[in-house]
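Chemist: below are the sequence and a predicted model; questions follow.
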Amino acid sequence: MAQTIDKEINDYIHLLNVEQKQSILSMLKSFTTPKTKQKRISIKQYNKEMDEAEKEVESGKWIDHDDVKKLSASW
């Protein structure tokens with residue numbers, strides 16, 4: 001099975017341009033590079049951030065779904 005996959009990859013790789021090959025190389029490296037442990041925040045920090053977010057919502061600092069879709073379409 002692995003040999004079949006390797007052959008199929010080799011059959012397609014030469015069809016790609018340099019940018020596509022770089023993209024695939026980056027993806028492969030991301031699969032084989034160990035992820036660094038993310039530092040977890042404390043419950044106190046989490047609660048502080050939640051309180052701040054709730055205050056923003058209560059004060060009207062929020063964006064509805066339709067506006068987010070419009071905004072993200074311009075990215």
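Modeler: Cool, got the structure. Residues are numbered from 1 along each chain as shown.
Chemist: quick one: low-confidence ranges for this protein?
Modeler: Low-confidence segments of the chain (pLDDT under 70): 35-38.
Chemist: tell me the domain ranges of it?
Modeler: Residue ranges for the domains of the chain, per automatic domain parsing: 2-32, 43-73.
Chemist: export those to TSV and tack on mean neighbour count?
Modeler: All C-beta atoms are positioned from the backbone trio N, CA, C, and that covers glycine. Below are the domains of the chain laid out as TSV (neighbours: other Cβ atoms under 10 Å):
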stretch	mean neighbour count
domain 2-32	9
domain 43-73	9
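Chemist: can you list contacts of the helix or strand hosting E54?
Modeler: Assessed by DSSP states H and E, E54 sits inside helix 43-58. With contact meaning Cβ atoms under 8 Å, 6 or more residues apart in numbering, helix 43-58 is reached by I41, W62.
Chemist: that helix: what's the following helix or strand?
Modeler: Next along the chain after helix 43-58, with elements defined by DSSP H and E, is helix 65-73.
Chemist: and the contacts of that following helix?
Modeler: Under Cβ under 8 Å, 6+ apart, the answer for helix 65-73 is I63.
Chemist: distance from it to the middle of the chain?
Modeler: The chain centre lies 18 Å from the centre of helix 65-73; the measure is Cα atoms, centre = their mean, to the nearest Å.
Chemist: ends of stretch 33-40, what's the gap?
Modeler: End-to-end span of stretch 33-40 (Cα to Cα, to the nearest Å): 21 Å.
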